[in-house]
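[1] I'll drop the sequence and a predicted model, then ask my questions.
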Amino acid sequence: MTRYAAPYLGFLIVASILLPAPSIADNIVIGEAPPDYLGVSTDGDEIRLSEQTGRLQIVSFWATWCAPCLKELPVLNAIQNQTGTDRLRVIAVNLEEPRSRFRRAMRAYDEFGITFVHDKKGHTARKFGVKGIPFMVILDIDGTVAYKHTGYSESALSGFVDEINGLLVKNRLVGDAP
């Protein structure tokens, strides 16, 4: 049986070079609903995306060691504050960090109104196909994916605001939009 391992391994190496790599977020398809269950919030509530339809939702995967993530969180909080939670909800999923580090971060973000979830073992991230962070999914009011972004820098945030504003206008949720 071991005599077949070497040719098979060689095939895998050649295939990985010749075949196109899957998208970073193959699990997330524009126009379809993403995985429903995100985990338990810091308030102890189970977070299910299907229970939040009727408003835009932003799901952002982040970690304390990710500098762009740490710049993104205050921006997302400000967008939610300005737009209002009746029109937009931000859920920030902390990815695979020890609970003690997550708790320290929560003390720093104590004044934030966004919903925080701790994905200690990365189960939710795997369901979403997260291969790199920051990773953001913007959901339309019907709960389907409108936009997805991964591995971006701070300079991309203004484009995300434009996407959110466009969805607010499209869905007639305008008012004090960001």
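    Right, received. Where do you want to start?
[2] CA atoms for contacts and neighbours, from now on please.
    Fine.
[3] Can you report phi and psi for the residue sitting nearest the centre point of the chain?
    Centroid-nearest residue in the chain: S60, 2.9 Å away (criterion: C-alpha atoms, centre = their mean). In terms of degrees, to the nearest 10, the main-chain angles of S60 are phi -120, psi 130.
[4] wait, doesn't it sit right on I91?
    Yes. Counting by C-alpha atoms under 8 Å, S60 touches I91, with 6.3 Å between them.
[5] which residues of the chain score low on pLDDT?
    1-26, 175-178 (pLDDT under 70).
[6] can you pull the buried residues of stretch 40-56?
    V40, S41, I47, L49, Q52, T53, G54, R55, L56 (16 or more other C-alpha atoms under 10 Å).
[7] who's in contact with that stretch?
    35-39, 57, 86-89, 115-118, 138-143, 167-168 (C-alpha atoms under 8 Å, 6 or more residues apart in numbering).
[8] go again using 6 Å as the cut-off
    36-39, 87-88, 116-117, 139-143 (C-alpha atoms under 6 Å, 6 or more residues apart in numbering).
[9] burial count for V161?
    16 (other C-alpha atoms under 10 Å).
[10] go on, M106?
    Counted with other C-alpha under 10 Å, M106 comes out at 14.
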